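Asks: quick check, what structure comes out for this input:
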Amino acid sequence: MGLAIQGHKQLSRFAFFFLFLTLILAFGLFLAWSWYHPNLKTPLISDIIRQRNLSKYKFENLSAKTFVGSPITIESVLAQETKFTPYLFSFVNDEGKKVTGQINVPHGPKGSDSTRSPAIAGETAPEGQRGSDPFKGVILLIRGYIDREIYSTGSGTRNAAAFFARNGFITIAPDFLGYGGSDPESFDILEARFEKPATVLSLLASLKYPILDQVRSDPMRSSPLCGRETAPEGQRGSDLVKGCNLFIWSHSNGGQIALSVLEITQAEVPTSLWAPVSIGFPDSILHFVDDLPDGGEYIRKDLEDFQSRYDFAPYSITTYFDRIHAPIQLHQGGKDPDVPLEWSENLKQTLLDLNLDLDYFYYPNSDHNLRPDWNTAISFTPMPKARINKNNSFVFSQNNIGFAKIPA
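Replies: Model (predicted):
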């Protein structure tokens, strides 16, 4: 009788343990399902997620944070090109998450060490002279929104990156969390948005680590893309880009991220904005939610919950436009169905009122991707740091042949 009771207790413990594991597994699967269906999250998931402290993503806090980044790893060759080699790269951001992306390294002159670049490796080059240096600088490309189901590494930046690489620039474009081979983004739909500028800041810090030794012919020489032969303990603000001949190219929501980075760092990095989403938070979200399956109901409720805990202003680019010190190119198409012309016109006027160095390019017949004027637009990017023209506005004719200067 005693053995029977003891056996029954052991069986009960086993059943309880099995039930517990089943519940844990079911909850894990539920979380995974919620991750792949962000617009269908339940109040339970939202309550769990909202316990996270999003204050760390305030621009002030990101500006004060010391970013360390990590060594960049070249993982594989993505394709064979005649003038450059595209590689899959990865790094670990300051939250400990893996982020992948594409880096294009131009080929040098035949018979030369194709990755030797004093301007990039932080070595001393003769003043005002590049000589046979095959690299003109580093271009960070920041893409706009792309549906995860159709995304692959390089989507949204591939054509621009190829153009720049063929013309002698190293290009680097992150996939961002949740895309490519990166770790998942946050379950919180707002935190997933806030993570993107922080990821770019981590990537900028990572450019201080040696990388080109992984692809150069002389592995004895270690070459970071920016600044120094050895990585710093940590960099913040404009220190992230010191010693780096860096440019930024961005498109659509990538323009919002680029503006965020310029405000957080206050760095004087020449930046090209193509059809940028330049309105503030949360309008930059609400403008696009009506076409969602639920008409944006979930996101609106999420924003209401956010507002009950935080203010919008510390997370909005429109609060900190006066912290931008970089020369800006602004490109906008007149037939853009996604970014209204009014947004770029307002941004143009704001930047001019701040007396920033601005060139504004308007293409009356171009769409969101600046087609059919893409070739014209790309040829103006990037601009040199020391420029002759300043605060100009240009309107381009449909045939891409001539342009007329109009008052700024």
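
Asks: burial count for residue 155?
Replies: 16 (other Cβ atoms under 10 Å). In short, each C-beta sits where N, CA and C put it, glycine included.

Asks: which non-adjacent residue is nearest it?
Replies: residue 146 (5.2 Å; Cβ to Cβ, 6 or more residues apart in numbering).

Asks: now that neighbour: how far from residue 225?
Replies: Look at residue 146 and residue 225: by Cβ to Cβ, to the nearest Å, they are 25 Å apart.

Asks: circling back to that earlier point, surely the residue nearest to residue 155 forms part of a helix?
Replies: No. Per DSSP: H, G, I helix; E, B strand; the rest coil, residue 146 lies outside any helix segment and is coil.

Asks: so who does it touch?
Replies: Taking Cβ atoms under 8 Å, 6 or more residues apart in numbering as the criterion, residue 146 is in contact with 155-156, 179.

Asks: now, these that are in helices?
Replies: Judged by DSSP state H, the contacts of residue 146 include no members of helices.

Asks: what number of residues lie near residue 338?
Replies: Neighbours around residue 338, by other Cβ under 10 Å: 16.

Asks: what are the buried residues along stretch 55-64?
Replies: Across stretch 55-64, burial judged by 16 or more other Cβ atoms under 10 Å covers 57-59, 62-63.

Asks: closest to residue 209 among those residues?
Replies: residue 62 (20.7 Å; Cβ to Cβ).

Asks: now the closest one, what are its backbone angles?
Replies: phi -70, psi -40 (degrees, to the nearest 10).

Asks: over to the one 5 residues further on?
Replies: Per-residue torsions, residue 67: phi -100, psi 130 (degrees, to the nearest 10).

Asks: can you tell me the element the residue lying closest to it once chain neighbours are set aside falls in?
Replies: Once flanking residues are discounted, residue 67 sits nearest to residue 205: 4.0 Å by Cβ to Cβ, 6+ apart. Secondary structure from DSSP states H and E places residue 205 in helix 189-206.

Asks: same check, this time on residue 105
Replies: Taking DSSP H and E as the definition, residue 105 sits inside strand 98-106.

Asks: buried residues in that strand?
Replies: For strand 98-106, a neighbour-count test (16+ other Cβ under 10 Å) marks 99-106 as buried.

Asks: roughly how far does residue 305 sit from residue 356?
Replies: 36 Å.

Asks: again with residue 194
Replies: Residue 194 is 25 Å from residue 356, by Cβ to Cβ.

Asks: likewise for residue 339?
Replies: Look at residue 339 and residue 356: by Cβ to Cβ, they are 20 Å apart.

Asks: now do the SS call for the residue nearest to residue 163 when sequence neighbours are not counted.
Replies: Spatial nearest neighbour of residue 163, chain neighbours left out: residue 378 (5.3 Å); criterion: Cβ to Cβ, 6+ apart. Recorded secondary structure, residue 378: helix (three-state DSSP).

Asks: just checking, residue 378 touches residue 162?
Replies: No. Using Cβ atoms under 8 Å, residue 378 is not in contact with residue 162; the gap is 10.1 Å.

Asks: what ranges of this structure fall below the confidence cut-off?
Replies: Judged by pLDDT under 70, the chain has its weakly predicted residues at 1-21, 23, 26-52, 109-134, 216-224, 227-243, 381-408.

Asks: where along it do the strands fall?
Replies: Secondary structure of the chain (DSSP state E): strands located at 73-77, 84-92, 98-106, 137-142, 169-174, 246-251, 271-274, 328-333, 358-363, 392-396, 403-406.

Asks: now these in JSON lines, with distance to residue 200?
Replies: JSON lines is the format used below for the strands of the chain (distance: least, Cβ to Cβ, whole Å):
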{"stretch": "strand 73-77", "distance to residue 200": "18"}
{"stretch": "strand 84-92", "distance to residue 200": "11"}
{"stretch": "strand 98-106", "distance to residue 200": "10"}
{"stretch": "strand 137-142", "distance to residue 200": "7"}
{"stretch": "strand 169-174", "distance to residue 200": "7"}
{"stretch": "strand 246-251", "distance to residue 200": "9"}
{"stretch": "strand 271-274", "distance to residue 200": "12"}
{"stretch": "strand 328-333", "distance to residue 200": "17"}
{"stretch": "strand 358-363", "distance to residue 200": "22"}
{"stretch": "strand 392-396", "distance to residue 200": "28"}
{"stretch": "strand 403-406", "distance to residue 200": "32"}
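
Asks: of those, which is nearest residue 187?
Replies: strand 98-106 (17.3 Å).

Asks: packing partners for the closest one?
Replies: Counting contacts by 3 or more Cβ pairs under 8 Å, 6 or more residues apart in numbering; DSSP states H and E, strand 98-106 packs against strand 84-92, helix 158-166, strand 169-174, helix 189-206.

Asks: for stretch 173-182, measure first residue to last.
Replies: The first and final residues of stretch 173-182 sit 13 Å from each other (Cα to Cα, to the nearest Å).

Asks: for that stretch, give me every contacting residue.
Replies: 75, 88, 90, 93, 97-103, 140-143, 146, 148, 151-154, 156-157, 161, 183-186, 192, 195-196, 199-200, 203.

Asks: circling back: the strand holding residue 105 pairs with which strands?
Replies: Sheet pairing of strand 98-106 (DSSP bridges) gives strand 84-92 (antiparallel), strand 169-174 (antiparallel).

Asks: residue 61 and residue 55: what is the separation?
Replies: For residue 61, the distance to residue 55 - Cβ to Cβ - is 6 Å.

Asks: residue 333 too?
Replies: Applying Cβ to Cβ to residue 333 and residue 55 gives a distance of 37 Å.

Asks: got it, and residue 225?
Replies: 32 Å.

Asks: isn't the residue nearest to residue 67 right up against residue 69?
Replies: Yes. In this structure, residue 205 is within contact of residue 69 by Cβ under 8 Å, at 3.2 Å.
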